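1. Generate a structure from the sequence data that follows.
(2 chains)
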Amino acid sequence: MAEITYREALKRALREELARDPEVVVWGEDIVAYGGGGAYAVTAGLAKEFPGRIRDTPIAEEAIVGVAIGAAMGGVRPVVELMTINFALVAWDQIVNHAAKQHHMFNGTINVPMVMRSPAGFGRTAATHSQNFDAWLASVPGLKVVEPATPYDAKGLLKSAIRDNDPVFFIEHLQLYGTRGEVPDTEYLIPLGVSDRKREGKHLTVVTWGRMLVETMKAAQKLATEGIELDVIDLRTLRPMDLSLAIESVKKTNRAIVVEEGWRSIGLGAEVVASLQEAAFHYLDAPVARVAGLEVPMPYARNLERATVPFADDVIAAVHAMMANQY
Amino acid sequence: MVLIRVFEDKCAEMYAKAKIAGFLHLYNGQEAIAVGALAALRPDDDLVTHYRDHGYALARGLDVPAVMAELYGRSGGTTGGRGGSMHIADVSKHFWGGYAIVGGHLPLATGLAYAAVHHKTDRVVLCVMGEGSTNIGTFHATLNWAQLWRLPVIFLVENNQYAMGTALSVHSSVTEIYKKALAYDMCAERADGKDVLAMRDAVARLAERARKGEGPALLEAVTYRFRGHSMADSDVQRPREEVNEQKQRDPITMFLNDVLFKQNLIAQAEVDQIQKDVEAEVEAAAQFADASPEPELNTLYKDIYAQSVENMQVDGSLIRPATVLSRNGKHG
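-> Residues are numbered from 1 along each chain as shown, chains lettered A, B, ... in the order given. The predicted model follows:
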């Protein structure tokens, strides 16, 4: 099994699905000519392999998503790249009022089998280019929302998303494209809607997703040297959200922290906390805690940016605080 | 056209009787556009419209009782009561729906046109909107894209002179709407939206060139609403003289007097019979709608997703695991 980057894993998923199904097309801003294939190089080289099926589009997110919806209604399977998730706001009407509504509002007679790929997160990109909209997206019935954290999951989930008959918003992360992990050369799929235990431990449950899984795993490694074993649950899919593993884990460890990069208030973590206490209140030895991003527009300056989003140290501090308290 | 007129009048009556609720946008005065445009197209050409969609549904040959039942919010409706007046659809007749976010359906129509090309068919797409939608960004983004990719879509703008209650000269810097398409090097025409044959001929011409791969077009149909924007509109903003003057040019009587009678194609007795038949048909539709049951409550969660995934329950409406559902009896 070879170690490849998250970026390469995504490209392999696209390549395999393009080769498998002639209905699959890939559209986006600057995904063909620019720099050889995409602002983050995920589609590099694909246009040559699949002539006419990888296309550069105008900078017009509402049209990128909307034309893809129409094509999907007509039986095509478009995968569109929105250069950053912040630009998805330009297409919000199409995502929420159209993609998510078609199947139900038209009584099951219209399908929208499409994928919207887009990176969230930060990278010295300042306030309008550093956001997370996982909670917004995951709150919409009719959408499926996926946020893989590892190259292995990224490939398997993207392939499933492309084959899925519903609109799937596939959230990537600027800081993850270069991360590496083992990915089999043989084909595999990871089903949507299934969470995954990324590390087995008995002392405390951490529920997380996306980039924060990477930070949580770093924290878990460090904490293990102190004798604290984290049970790490990666949600992978945010809607529909599979909390069965997380609940089972909390019943074992009796302590839980939800770790997310986005803004704390009214974030997705709040939903997870609420669900955990609904399902496992009597098992909890401590209130479920949250590690989350600070509620400020992201500054450009390096030190301020780093202060805004959580890293492994923040997870460690939260674990220490919870383990120190005797309830 | 007579069917649409009688249907819409019945809708107004039933709205007043609270059989129909919410938004109800009637098509009186604009009938020649839908009837003329669809007469020029094949039944397998795709149709996507704005929310003033009853006329298109009837002109496309949708089941009249089902359309009425949809307005009543009943299970016998075109989408089982899910959509209501603004979202009539019948995919089996290539009517992909009425849409209610102004301009939001334009890219969808363009995507359907892409699908037609992708699947190597010669279908064209008719995309209907009001002139108010030509100010929204999505209009411009879509026209640019459709022309850029030479997609077979006809943008039909029903210019009824008012965006809701705002007059054309107040809401648009360009009042000859077809000119907006010229900015994208798109074929653009203007026609009398009250002349059903002019509409048919214009759409036929534009559909033929789109079918041949010559690209999209925009057709401005100049028309006028005989009623307010919706049933909620008191219509105080339009001068009475203007409304009355417009009603002098009624598309139905125009077609009757200028074409059918003039060329001896129809006798008065036949006209009377059509009126009578249509009134009976619409009355029967209203009775069907009234008798049609409301949708079952247990269908509420049906079809939120086309495809279920593992751990999803009740058709995927919930994000909670089953353990919570059984504890609470319903989702929290």
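2. When you work out contacts or count neighbours from here on, use the C-alpha atoms and nothing else.
-> Will do.
3. what does stretch A:281-295 rub up against?
-> When contacts are defined by CA atoms under 8 Å, 6 or more residues apart in numbering or on different chains, stretch A:281-295 is touched by residues A:250-251, A:254-265, A:269-270, A:273, A:277, A:308-310, A:314-315, A:318, A:322, A:327.
4. Quick check: longest strand in chain A by residues?
-> The single longest strand within chain A, with elements called by DSSP state E, is strand A:256-263.
5. So for that strand, mean pLDDT?
-> For strand A:256-263, the mean pLDDT works out to 98.
6. Stretch A:317-327 now?
-> On average, stretch A:317-327 scores 86.
7. Residues contacting it, please?
-> Applying CA under 8 Å, 6+ apart, the contact partners of stretch A:317-327 are A:204, A:255, A:257, A:285-286, A:289, A:291.
8. Just the C-alpha atoms of the helix or strand harbouring residue B:170, please, in PDB.
-> Per DSSP states H and E, residue B:170 falls inside helix B:168-171. Output in PDB follows, covering the C-alpha atoms of helix B:168-171 (Å, rounded to 0.1, in the frame of the first residue of the first chain):
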ATOM      1  CA  LEU B 168     -40.300  48.200 -15.800                       C
ATOM      2  CA  SER B 169     -39.000  51.700 -16.000                       C
ATOM      3  CA  VAL B 170     -38.400  51.700 -12.200                       C
ATOM      4  CA  HIS B 171     -36.600  48.400 -12.000                       C
END
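9. Would you mind pulling up the elements that that helix packs against?
-> Under the contact criterion of 3 or more CA pairs under 8 Å, 6 or more residues apart in numbering or on different chains; DSSP states H and E, helix B:168-171 touches no helix or strand at all.
10. before we move on, the earlier item: what helices or strands is the longest strand of chain A leaning on?
-> Counting by 3+ CA pairs under 8 Å, 6+ apart, strand A:256-263 packs on strand A:204-208, helix A:211-224, helix A:268-280, strand A:289-293, helix A:312-324.
11. So what's the gap between the third one and the chain middle?
-> Just to be clear, that refers to helix A:268-280. 19 Å (CA atoms, centre = their mean, to the nearest Å).
12. For it, give the mean pLDDT please.
-> Summarised as a single mean, pLDDT over helix A:268-280 is 93.
13. tell me what that helix is packed against?
-> helix A:134-138, helix A:244-253, strand A:256-263, strand A:289-293, helix B:322-328.
14. thinking again about what came up before, deepest-packed of the helices and strands packed on strand A:256-263, please.
-> strand A:204-208 (a mean of 28; mean count of other CA atoms under 10 Å in any protein chain shown).
15. So what touches that strand?
-> With contacts defined as CA under 8 Å, 6+ apart, strand A:204-208 is touched by A:216, A:228-235, A:246, A:249-250, A:253-260, A:319.
16. let's see 6 Å
-> Contacting residues not belonging to strand A:204-208 are listed as A:230-234, A:253, A:255-259 [CA atoms under 6 Å, 6 or more residues apart in numbering or on different chains].
17. Just the C-alphas of that strand, formatted as PDB.
-> Extracted in PDB, the C-alpha atoms of strand A:204-208 (Å, rounded to 0.1, in the frame of the first residue of the first chain):
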ATOM      1  CA  LEU A 204     -12.100   9.800  27.100                       C
ATOM      2  CA  THR A 205     -14.000  10.100  23.800                       C
ATOM      3  CA  VAL A 206     -13.200  12.700  21.300                       C
ATOM      4  CA  VAL A 207     -15.700  13.300  18.500                       C
ATOM      5  CA  THR A 208     -14.300  15.200  15.500                       C
END
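18. Convert stretch A:270-277 to PDB, retaining C-alpha atoms only.
-> What follows is stretch A:270-277, C-alpha atoms only, in PDB (Å, rounded to 0.1, in the frame of the first residue of the first chain):
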ATOM      1  CA  ALA A 270     -23.300  21.900  19.800                       C
ATOM      2  CA  GLU A 271     -25.500  19.400  17.800                       C
ATOM      3  CA  VAL A 272     -23.200  16.600  18.700                       C
ATOM      4  CA  VAL A 273     -23.100  17.600  22.400                       C
ATOM      5  CA  ALA A 274     -26.900  17.800  22.500                       C
ATOM      6  CA  SER A 275     -27.300  14.400  20.900                       C
ATOM      7  CA  LEU A 276     -24.700  12.800  23.200                       C
ATOM      8  CA  GLN A 277     -26.500  14.000  26.300                       C
END
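19. The spatially closest residue to residue A:1 that is not a sequence neighbour: neighbour count?
-> In space, and not counting its chain neighbours, residue A:1 is closest to residue A:184: 4.9 Å by CA to CA, 6 or more residues apart in numbering or on different chains. By other CA atoms under 10 Å in any protein chain shown, the residues close to residue A:184 number 14.
20. Please apply the same query to residue B:293.
-> Per other CA under 10 Å, the neighbour tally for residue B:293 reads 17.
21. and it, how far is that from residue B:284?
-> The gap separating residue B:293 from residue B:284 is 16 Å, by CA to CA, to the nearest Å.
22. quick one: what helix or strand has residue B:272 in it?
-> Take DSSP H and E as the rule and residue B:272 turns out to sit in helix B:268-291.
23. My error: substitute residue B:221 in the last question.
-> Assigning secondary structure by DSSP H and E places residue B:221 in strand B:217-222.
24. Only C-alpha atoms, please: export the helix or strand following that strand in CSV.
-> Counting by DSSP H and E, the next helix or strand C-terminal to strand B:217-222 is helix B:240-248. Extracted C-alpha coordinates of helix B:240-248, given in CSV (Å, rounded to 0.1, in the frame of the first residue of the first chain):
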residue,chain,number,x,y,z
ARG,B,240,-56.8,51.7,-14.0
GLU,B,241,-56.8,53.3,-17.4
GLU,B,242,-53.7,51.3,-18.3
VAL,B,243,-55.2,48.0,-17.1
ASN,B,244,-58.5,48.7,-19.0
GLU,B,245,-56.6,49.7,-22.1
GLN,B,246,-54.6,46.5,-22.0
LYS,B,247,-57.7,44.4,-21.5
GLN,B,248,-58.9,45.8,-24.9
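25. Return the distance of helix B:240-248 from the chain's centre.
-> Centre-to-centre, helix B:240-248 and its host chain are 24 Å apart (CA atoms, centre = their mean).
26. Other residues contacting the helix or strand that it is followed by?
-> Per DSSP H and E, the first helix or strand lying C-terminal to helix B:240-248 is helix B:251-255. Contacting residues not belonging to helix B:251-255 are listed as B:32, B:194 [CA under 6 Å, 6+ apart].
27. neighbours around the closest residue to residue A:17 other than its chain neighbours, how many?
-> Distance criterion CA to CA, 6+ apart; nearest residue to residue A:17, sequence neighbours excluded, is residue A:159 at 6.6 Å. Number of residues near residue A:159 (other CA under 10 Å) recorded here: 24.
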